[in-house]
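A.B. asks: Here's a sequence, model it:
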Amino acid sequence: MPRLLLTAALTALSLGLSAPAVLAEAADDDGDPGAYLAARNAEANGDFRAAAAWYARAALADPSNLRILEGSMFANLSLGKVDLAAQVAARLQAGGVESAVAAMALVADEALREDYTALVAAGENGRSVGPLLDELALAWAKLGEGRMSDALADFDKVAATKGFEAFGYYHKALALAQAGDFEGADAILSGKVAGPINLNRRGILAHVQILSQLERNPEALALIDQAFGTEPEPYLDSIRARLKAGEPLAFDTARTARDGIAEVFFSVATVLNSESDPIYTLLHARIATILRPDHAEALLLTAAMLENTEQYDLAVETYATFAPDNPNYYSAEIGRADALHAAGKKDAAIEALQVLARSHGQIVLVQSALGDMLRREERWAEAIPAYDAAIALLPEVRTEHWPLFFSRAVCEDSLKNWDKAEADFRKALELNPNQPQVLNYLGYSFVDRGVNLDEALSMIERAVKAEPESGYIIDSLAWVYFRLGRYADALAPMEKASLLEPVDPIVTDHLGDVYWAVGRQREAEFQWRRALSFGPQEKDAIRIRRKLEVGLDAVLAEEGAKPLEEVEAAANGN
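C.D. replies: Sure thing, here's the model as predicted:
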């Protein structure tokens, strides 16, 4: 959706959404203060399962404590336990507590039970989660009551609200399609009604289904290729096959009013994602999955938010809910592997991707994910065949494929296969000529080898222009100046790099070398000692200690390297 709409929606949604009061207030003296404090600690650490258990124990000792109830509701809703959260929310509401999260739990519970009359009545009486969710959920609830005209009028009201236009039109299109008015739905999604709507993947696939229902399969096929490209992907491949065979695709994006409300929560979750505290994205995505358990995108987003909040075990469990025959299984397995790796279970993460590569090895993303995981663990020789397989699967090499060649180049370079590495680096640059990561890596590699220094300088200068606040890239610029004997020129960028990367051992070591080269030997020794304190690799640490013993000039002589230029010459830029 247009960025303006996302920002406006987020601003409105943020009003009233705050962490439970339990995080900021002290417990009463009676009850079970130990359980209460344990719950607060678990909640502060994002451990929703432990928080729910401790709040339940605290509530046994003090069942009327509103702060305990609010914490319990928040934890249970985070776990997707809508029924428990709604029970607590009702007690909070009876106690006079106004909470957007409590309202969210009650909306979710009423939608789950398909009690649309209660949902409409509460909404019209002022219960509020946030303007966008309130209005869209109310419209779908009226549709659930059989009041189609009223529902469409409410969708139009949302579409007329500045900042919410795309949401109103999108959900109206889903409601029309659910009612069988595919022509009306297509008119909206194709942009004929109010101009183009920037749809996400799920919205595009909804439009594909609508076009198919209108017996316009060729247009649906063209939309898939335009939006997603032509690389192999099981789900899209199965849709393409059915469309080419002339088969009509069923419209199932929003089959019922409850599905529609699930879609509302998912829409809000996508708005909040990366724009707000991940807990609120999680709450909305969780509710979408409770209302519609087969909502693959909401499940994947829920798992990703659990991973984001470092709830790795819960993330792994959520990813594992996808069955092997589910078209989204490979995406879930890639996510599960990432969560396992983040939890420190690195061997299990690699094994998961290796198994996936055997069952879904025809998918580029699977092979590249395996390569990336092996590269992350510096298993260079094992990573290269995965990148080879990914590249071989490409029907056409395009700009967006530069990371495959870059990643393979890093592995080849690490294995001392420089000719192969350079060829891949240059291929990555051919695909994306101004990619700063590639420019910096290749330029720095030339500097490190003492070759192609003029080309290296040009590459790194372009990289700095693209990312002027990257300490590592600025370090590369300073280092190429240093290797060219332009020590005075190296000084300012090296000091800036050190400020941007204040505890990096390599950058700090380089700063010491530059200081030595311009005659500031005491400052050089200070920086080398700092570099040692930052945990450099042992081979680097040995060299730094040697420089502290005999100085940089002597170390260069021992290594048979070119001696430093005279300081006076460097100061003149020669």
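A.B. asks: Low-confidence bits of the protein, can you list those?
C.D. replies: Within the chain, the stretches with pLDDT under 70 are 1-31, 567-574.
A.B. asks: Can you give me the domain assignment for it?
C.D. replies: Following automatic domain parsing, the chain resolves into domains at 322-394, 397-468, 488-574.
A.B. asks: Need those in JSON lines (columns: mean neighbour count and distance to residue 169).
C.D. replies: All C-beta spots, glycine's among them, are computed from the backbone N, C-alpha and C. Formatted as JSON lines, the domains of the chain follow (neighbours: other CB atoms under 10 Å; distance: least, CB to CB, whole Å):
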{"stretch": "domain 322-394", "mean neighbour count": "19", "distance to residue 169": "27"}
{"stretch": "domain 397-468", "mean neighbour count": "19", "distance to residue 169": "29"}
{"stretch": "domain 488-574", "mean neighbour count": "17", "distance to residue 169": "44"}
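A.B. asks: Of all the ones you listed, which one is nearest residue 289?
C.D. replies: domain 322-394 (11.9 Å; CB to CB).
A.B. asks: The closest one: end-to-end distance?
C.D. replies: Domain 322-394 has an end-to-end distance of 26 Å (CA to CA, to the nearest Å).
A.B. asks: Following element in sequence after the top helix by length along the chain, please.
C.D. replies: When the chain is parsed with DSSP state H, its longest helix is helix 257-272. For helix 257-272, the following helix or strand on the C-terminal side (DSSP states H and E) is helix 278-291.
A.B. asks: and the domains of the chain as JSON lines, adding distance to residue 282?
C.D. replies: Formatted as JSON lines, the domains of the chain follow (distance: least, CB to CB, whole Å):
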{"stretch": "domain 322-394", "distance to residue 282": "14"}
{"stretch": "domain 397-468", "distance to residue 282": "28"}
{"stretch": "domain 488-574", "distance to residue 282": "32"}
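A.B. asks: how about the ones you listed, which one is nearest residue 138?
C.D. replies: Nearest of those (CB to CB): domain 322-394, 30.6 Å.
A.B. asks: How are the helices of the stretch 451-574 of the chain distributed by residue range?
C.D. replies: 453-466, 471-483, 487-500, 505-517, 521-533, 538-550, 552-559, 567-571 (DSSP state H, counting those that start in this stretch).
A.B. asks: if I look at residue 206, how far off is residue 188?
C.D. replies: Separation of residue 206 from residue 188 (CB to CB, to the nearest Å) stands at 11 Å.
A.B. asks: what is in contact with these two at once?
C.D. replies: Taking CB atoms under 8 Å, 6 or more residues apart in numbering as the contact rule, residue 206 and residue 188 both touch residue 173.
A.B. asks: residues touching the closest residue to residue 309 other than its chain neighbours, list them.
C.D. replies: Among residues not flanking residue 309 along the chain, residue 46 sits closest, at 4.3 Å (CB to CB, 6 or more residues apart in numbering). If you count contacts by CB under 8 Å, 6+ apart, residue 46 has them with 279, 309-311.
A.B. asks: which of those residues count as buried?
C.D. replies: Buried subset of the contacts of residue 46 (neighbour count, 16 or more other CB atoms under 10 Å): 279, 309, 311.
A.B. asks: a markdown table for these, including distance to residue 362?
C.D. replies: Shown next, in a markdown table, are the buried ones among the contacts of residue 46 (distance: CB to CB, whole Å):
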| residue | distance to residue 362 |
| --- | --- |
| 279 | 37 |
| 309 | 34 |
| 311 | 32 |
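A.B. asks: which one among the residues you listed gets closest to residue 468?
C.D. replies: Using CB to CB, the buried ones among the contacts of residue 46 come closest to residue 468 at residue 309, 32.3 Å.
A.B. asks: From the chain's centre, how far out is the one helix or strand residue 224 maps to? Work that out for me.
C.D. replies: Per DSSP H and E, residue 224 falls inside helix 217-228. Computed by CA atoms, centre = their mean, to the nearest Å, the separation of helix 217-228 from the middle of its chain amounts to 26 Å.
A.B. asks: Could you check the helix or strand just after that helix and say which residues are buried?
C.D. replies: Reading on from helix 217-228 to the C-terminus, the next helix or strand found by DSSP H and E is helix 234-244. Neighbour counts over helix 234-244 (16+ other CB under 10 Å) mark 234-237, 239-240, 243 as buried.
A.B. asks: Closest one of those to residue 127?
C.D. replies: Distances from residue 127 to the buried residues of helix 234-244, taken by CB to CB, are shortest for residue 235, at 37.9 Å.
A.B. asks: next helix or strand past the helix or strand hosting residue 168?
C.D. replies: If you go by DSSP H and E, residue 168 is part of helix 165-178. Going down the chain from helix 165-178, the next helix or strand is helix 182-189, by DSSP H and E.
A.B. asks: Which residues does the following helix or strand past that following helix contact?
C.D. replies: Counting by DSSP H and E, the next helix or strand C-terminal to helix 182-189 is helix 201-213. Residues outside helix 201-213 that contact it (CB under 8 Å, 6+ apart) are 170, 173-174, 177, 182, 185-186, 189-190, 197, 199, 217, 219-220, 223-224, 227-228, 239, 243, 247-254, 266, 297.
A.B. asks: what comes up buried for helix 201-213?
C.D. replies: Residues of helix 201-213 classed as buried: 202-203, 205-213 (neighbour count, 16+ other CB under 10 Å).
A.B. asks: Okay, angle between it and helix 165-178 too, please.
C.D. replies: Angle of helix 201-213 versus helix 165-178, following axes from the mean of the first three to the mean of the last three CA atoms, to 10 degrees, is 40 degrees.
A.B. asks: what's the spacing between helix 201-213 and its chain's center?
C.D. replies: 25 Å.
A.B. asks: before we move on, what about stretch 62-73?
C.D. replies: The answer for stretch 62-73 is 33 Å, by CA atoms, centre = their mean.
A.B. asks: Residue 313 is in contact with residue 47, correct?
C.D. replies: No. Here residue 47 lies out of contact with residue 313, judged by CB atoms under 8 Å, at a distance of 9.7 Å.
A.B. asks: Which residue of the two possesses the greater neighbour count?
C.D. replies: Comparing residue 47 with residue 313 by other CB atoms under 10 Å, the one with more neighbours is residue 47, at 21 against 13.
A.B. asks: show me the residues around that one that make contact.
C.D. replies: Here residue 47 is in contact with residue 311 (CB under 8 Å, 6+ apart).
A.B. asks: Check residue 439 too.
C.D. replies: Contacts of residue 439 (CB under 8 Å, 6+ apart): 429, 459-460, 462-463, 466.
A.B. asks: ok, these vs residue 72, which is closest?
C.D. replies: residue 466 (49.3 Å).
A.B. asks: In strands only, show me the contacts of residue 46.
C.D. replies: Among these, no member is found in strands (DSSP state E).
A.B. asks: Please consider this matter closed, and thank you.
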